[in-house]
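K.L.:
got a predicted model here, sequence first, then my questions.
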Amino acid sequence: MSRRLLLIPVLACSFLIPSVRAFGQRWLTGGVDVPVDPPPPDEGRFVFARLRFTTASGGYYFRGLPAWAHGYYGGGEGRRSERSLVKILNSVTNMNPHVDGSRVVDVGDPDLFRYPIVYATEPGFMSLDDREARALHDYILKGGFIIFDDFRGPYDWENFRTAMQRVLPGEQPVALTLDNPIFHAFFDIPTLNFVQYYDRGTPIFYGMYPHNDPSRPLQVIANFNNDVSEYWEYSDTGFTAIDLSNEAYKLGVNYVIYGMTH
């Protein structure tokens, strides 16, 4: 597989930020209806899949969006994060992913098993019932790989850890070091000191292994005190730094390549 220079497109575009008044008092307790694009045709090509889950109390803080939709829907334009990442995947690999659409899949939907990699944002507000916890358990045991992103602080961490204990009882998230194969699956990541401009805590990359055995492939990766997809979402707007956007894309590409090959 050849590696080519990673180029971040700088495109002129408009980004409309909805006013606070538009969502009123629904920020913390309500929810904005999120339009979901239809998935692309099922042709055996890689499709970026985003996990839709029930948002726990307090998770509607960002423009009234449910936690799962952060980065998917912004400014009236859908799937910004995933659209950008798959374009980069298409440019630097021979995967030939679908760039014309992505999939939003519910935790308990049997179609989840059609996607070897699934992305989940704001897992600190992920609420699972018993059936959904079992569905994620089965998905991971059948070889599915989950990317968790965009969560921070003690509240988010405790909720995430509790949810994953129900999904994978007895297995614990562990902090990954730079020598982990996922950080060298395609690009060589030079440092894990990934600077997120609005997160105050130290960024930590957590992983989970079958039976807590680090000699086996990762089942999940979690970007804690971090929001890697923020750079995917805004890299073509001039809002985020080019060097950090490049590093975020490298991480995203590595996650996908690792998940598809391990």
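P.N.:
Everything's here; your move.

K.L.:
host element of the closest residue to residue 166 other than its chain neighbours?
P.N.:
If the residues on either side of it in the chain are set aside, residue 166 comes closest to residue 133, at 4.3 Å by Cβ to Cβ, 6 or more residues apart in numbering. Placement of C-beta: from N, CA and C, glycine included. In this structure, residue 133 sits in helix 130-141 according to DSSP states H and E.

K.L.:
next one: residue 231
P.N.:
With secondary structure defined by DSSP H and E, residue 231 is part of helix 228-234.

K.L.:
picking that back up, pLDDT averaged over the helix holding residue 133, what's the number?
P.N.:
Over the span of helix 130-141, the pLDDT mean works out to 98.

K.L.:
equivalent analysis for stretch 230-237, please.
P.N.:
If you average the per-residue pLDDT over stretch 230-237, you get 84.

K.L.:
any buried residues in that stretch, and which?
P.N.:
230-236 (16 or more other Cβ atoms under 10 Å).

K.L.:
repeat that for stretch 46-55.
P.N.:
Using 16+ other Cβ under 10 Å as the test for burial, stretch 46-55 gives 46-55.

K.L.:
check stretch 135-146 too.
P.N.:
Taking 16+ other Cβ under 10 Å as the basis for neighbour counts, the residues of stretch 135-146 that come out buried are 135-136, 139-140, 144-146.

K.L.:
contacts for it, please.
P.N.:
Counting by Cβ atoms under 8 Å, 6 or more residues apart in numbering, stretch 135-146 makes contact with 51, 107-108, 112-113, 115-120, 128, 167-168, 218-221, 255, 258-259, 262, all of which sit outside it.

K.L.:
from the residues you listed, which ones fall inside strands?
P.N.:
With strands taken from DSSP state E, the overlap with the contacts of stretch 135-146 comprises 51, 117-120, 220-221.

K.L.:
among those, who's most crowded?
P.N.:
When neighbours are taken as other Cβ atoms under 10 Å, the top entry among the ones in strands among the contacts of stretch 135-146 is residue 119 (26 neighbours).
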